[in-house]
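Visitor: my questions are about this predicted structure, shown below with the sequence.
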Amino acid sequence: MRYFSFILFLSSFLLFSCKPSSNKWSSVRQLDEAQGQELLKRSRAQLTAKKYDEAERTIKELRKKYPLALTAREEAILLLDSVHLARSSKELLLIDTDCENVADVDSLRRELEDVVMQKNFYMRKLKYDKTRIKRH
């Protein structure tokens, strides 16, 4: 009988102690998340304006200044992949336009292959990262 009452007590304790999780972030994390989202917004605007270096710096700033902005940091990973992909696409277009004026075709071919490989890598990485994203 003792064991039964002990098991009953333990099971009822576990049942009532398990509450559905709610959004109980600390105030510091909430502040970090809000500021991180602002930096993400700025970085997206810089990407739209084709200012790739500035967008990348803004993402690095977010990662350095706001370590508790977990959701913003995950979104920043995807955004950084997009920045790299856009930069590679731009380089590909520049190489394509320079193609007509180059005498050394082999070096141009190697450079073109490198940029195409880089672009393909960032496309795969972006696709993979999109499947792995989660909300914190």
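Guide: Sure thing, it's come through.

Visitor: just say helix, strand or coil for residue 50.
Guide: Following DSSP: H, G, I helix; E, B strand; the rest coil, the label given to residue 50 is coil.

Visitor: list the contacts of it.
Guide: 86, 90 (C-beta atoms under 8 Å, 6 or more residues apart in numbering). Bear in mind the C-beta positions are built from the backbone N, C-alpha and C, glycine included.

Visitor: quick check: it vs residue 89, distance?
Guide: 10 Å (C-beta to C-beta, to the nearest Å).

Visitor: could you do residue 58 as well?
Guide: Counting by C-beta to C-beta, the separation of residue 58 from residue 89 is 20 Å.

Visitor: and if you look at residue 75?
Guide: From residue 75 across to residue 89, the span is 21 Å (C-beta to C-beta).

Visitor: between those two, which is the more surrounded one?
Guide: When neighbours are counted by other C-beta atoms under 10 Å, residue 75 and residue 89 differ, and residue 75 comes out ahead with 20 against 15.
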